[in-house]
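Trainee: sequence and predicted model, in that order:
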Amino acid sequence: MIEASLSVAQEEFSFNLEEFEKKSLSWGGYAEIKLAHAKVNKNSAFALLDSHGNPRVSLDRFTATLQLDGNYNKEIVSLNWVVQAYGSRDQEQWADEASIFEAYASIKPTPLASIDLGKKVFKWGKGYAWNPVGFINRPKDPNNPEESLEGYIGASLDLIKSFSGPLQTLALTTVVLPVQDNINEYFGAPDNVNLATKLYLLYQDVDIDFLLFTGNSRTTRYGFDFSTNLATNFEIHGELAHTPRQSRKTLNADGSVEIQEVADTSYLLGLRYLTENDITFIIEYFHNDDGYSEEEQDSFFHLVDDADDLFETTGDNSLYTKSASLSEGGFGRSQSGRNYLYTKITLKEPFDLLYLTPGITTIINLDDNSFSLTPEAVYTGFTNWELRLRFSMLAGSNFTDYGEKQNENKLELRVRYFF
């Protein structure tokens, strides 16, 4: 009886070691549909620029997106990729694009070193909504800062060393970034090879980075960032970036355009706090020296207003052409001002409503007091599915940052299936 019992127990508790081995190939991704209805701010500068004085009342858009990601590991080599394709339709046009966000080989000859070759995303900086030290990052959308971004083609070397004292970890990342006609062509001036480095220290539980970018595609710039936990549920972070010299296109009060050589120091301070009842606060203050002052933005918005008057009375669109050039040169960025405050608050499963996470996000231009306010709700109650309903409202007086955006508000439903 005892032998039989032992035999049954052995069969019952047996396991296959192969089930615990790391698979060579892993992949996943998501398929998504998004429906958006936007009410256009008909008299705003960017609505007028978009339509040359005849803006639509609303914009309805349907977008379908497919993203695939994965990696293949074989001994010291791994291949990694992220690809995305989308198609979008509104009342005016159809748009579609397929992009390779990442496609690179990683070689790890020793535990202390690794080499990456190909197209890769470098997530430099500690900020959630913005990264002033992200010298080789694509800019984030602060309304969707966690979405995948496209990387750049290059080669990087990572060296890392651990210690037992107050300095626990030291790591050096060096990136070579070429810019040619069809290689990183939107990064900066072509026919150049650029160098970016990051020195990382974990010192007494404080993450610290020192960063440098140099090359002829963009001007030399220096950076510093840090993050640390003041408590298990309370984290603070910051970034500082300095560019000694760069060109900046400005609009003077008389309507003339001037190219200036300026020094640029931008910085960010932020915190993340989780309360006992699962409310998460993310707050960041961002000063962007590369942005425009309230007076400069006001001059641009008045220029668009004058362009509309000129076009309506004479049919002359020369001021519209000038305004569009300035918009592409910097005024048309999502946050083109100097000082912003970002706040995001989310609450996990309020009133015991399982799988539901409501939240609210606001971005305030501290110079002109215009802002965006975005409440949302995310539901994950179905396996592998995520549903997000979001309403964005923009508010501000005439000739202010958010008061002159193209949309007055937008309602958006996103349905995403992960696989």
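Mentor: That came in fine, so what should we check first?
Trainee: drop to CA atoms for contacts and neighbour counts, all remaining ones
Mentor: OK.
Trainee: what about Gln93, how many neighbours?
Mentor: Gln93 has 8 neighbouring residues, counting by other Cα atoms under 10 Å.
Trainee: let me fix that, I meant to ask about Lys410.
Mentor: Residues contacting Lys410 under the criterion other Cα under 10 Å number 19.
Trainee: so is it in a helix, a strand, or just coil?
Mentor: Assigned by DSSP: H, G, I helix; E, B strand; the rest coil, the conformation of Lys410 is strand.
Trainee: also Gly403?
Mentor: helix.
Trainee: next up, the contacts around it.
Mentor: The neighbours of Gly403, taking Cα atoms under 8 Å, 6 or more residues apart in numbering as the test, are 44, 370, 394-397.
Trainee: now, which of those residues sits nearest Phe213?
Mentor: Nearest to Phe213, judged by Cα to Cα, of the contacts of Gly403 is Ser370 at 33.6 Å.
Trainee: looking at the contacts of Gly403, which are in strands?
Mentor: Using DSSP state E, the members of the contacts of Gly403 that fall in strands are 394-395.
Trainee: can you turn the buried part of the contacts of Gly403 into a PyMOL selection?
Mentor: Here is the PyMOL command that picks out the buried ones among these, judged by 16 or more other Cα atoms under 10 Å:
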select buried, resi 44+370+394+395+396
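Trainee: farthest pair within the contacts of Gly403?
Mentor: Within those, Ser44 and Ser370 form the most distant pair, 13.5 Å apart (Cα to Cα).
Trainee: re the thing from before, and the contacts of Gly403 as JSON lines, adding distance to Gly381 and pLDDT?
Mentor: Compiled in JSON lines, those are given as follows (distance: Cα to Cα, whole Å; pLDDT from 0 to 100):
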{"residue": "Ser44", "distance to Gly381": "40", "pLDDT": "93"}
{"residue": "Ser370", "distance to Gly381": "36", "pLDDT": "97"}
{"residue": "Leu394", "distance to Gly381": "31", "pLDDT": "97"}
{"residue": "Ala395", "distance to Gly381": "33", "pLDDT": "96"}
{"residue": "Gly396", "distance to Gly381": "37", "pLDDT": "96"}
{"residue": "Ser397", "distance to Gly381": "41", "pLDDT": "95"}
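Trainee: what packs against the strand or helix carrying His302?
Mentor: Element membership for His302, per DSSP states H and E: helix 294-314. Contacts defined by 3 or more Cα pairs under 8 Å, 6 or more residues apart in numbering; DSSP states H and E place helix 294-314 against helix 45-51, strand 234-251, helix 318-326.
Trainee: now the element after the lowest-mean-pLDDT helix or strand in the chain, going C-ward?
Mentor: One helix or strand of the chain scores below all others by mean pLDDT, DSSP states H and E: helix 2-12, with a mean of 44. Using DSSP H and E, the helix or strand that follows helix 2-12 in sequence is strand 25-40.
Trainee: I'd like to know which elements the host helix or strand of Asn194 is packed against.
Mentor: Assigned by DSSP H and E, Asn194 falls within strand 192-203. Contact analysis of strand 192-203 by 3+ Cα pairs under 8 Å, 6+ apart lists strand 167-179, strand 206-214 as its packing neighbours.
Trainee: low-confidence ranges in this protein?
Mentor: The model of the chain has pLDDT under 70 over residues 1-22, 53.
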